[in-house]
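A.B. asks: Need a 3D model of the following:
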Amino acid sequence: IPGIGKKRRLLLLKNFGSLDAIRKASVTQLQVIPGITENMAKKIITTFEADQTTNT
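C.D. replies: Down below sits the predicted model:
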């Protein structure tokens with residue numbers, strides 16, 4: 001995920017438990033994680049949506 005470093009990736013996985021759970025999360029749910037801003041949350045969602053479109 002562009003702009004998301006190792007520490008934030010680990011925080012996301014720790015809090016959501018899986019990549020699939022992160023993929024299904026809303027902007028609001030992502031923002032609960034310390035250090036995840038609204039813009040970062042939107043970028044995460046956009047990245048997963050683009051990845052899903054590419055893989056279908």
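A.B. asks: How about the contacts made by Ala25?
C.D. replies: Shown in contact with Ala25 (Cβ atoms under 8 Å, 6 or more residues apart in numbering): Phe16, Ile44, Ile45. C-beta here means a position set from N, CA and C on the backbone, and glycine is covered the same way.
A.B. asks: again, 7 Å this time
C.D. replies: Phe16 (Cβ atoms under 7 Å, 6 or more residues apart in numbering).
A.B. asks: so is Ala50 in a helix, a strand, or just coil?
C.D. replies: Recorded secondary structure, Ala50: helix (DSSP: H, G, I helix; E, B strand; the rest coil).
A.B. asks: centroid residue for the chain?
C.D. replies: Per Cα atoms, centre = their mean, the C-alpha nearest to the average position across the chain is that of Ile44, at 4.0 Å.
A.B. asks: is it true that it touches Gly3?
C.D. replies: No. Counting by Cβ atoms under 7 Å, Ile44 does not reach Gly3; the two are 8.9 Å apart.
A.B. asks: quick one, helices of the chain?
C.D. replies: Per DSSP state H, the chain carries helices over the ranges 6-16, 19-24, 27-31, 38-54.
A.B. asks: quick check, distance from the helix or strand of the chain with the lowest mean pLDDT to the centre of its chain.
C.D. replies: Among the helices and strands of the chain, helix 38-54 carries the lowest confidence by mean pLDDT, DSSP states H and E, at a mean of 88. Centroid separation between helix 38-54 and its chain, computed with Cα atoms, centre = their mean, to the nearest Å, is 7 Å.
A.B. asks: for it, packing partners?
C.D. replies: Identification of packing neighbours for helix 38-54 by 3 or more Cβ pairs under 7 Å, 6 or more residues apart in numbering; DSSP states H and E yields helix 27-31.
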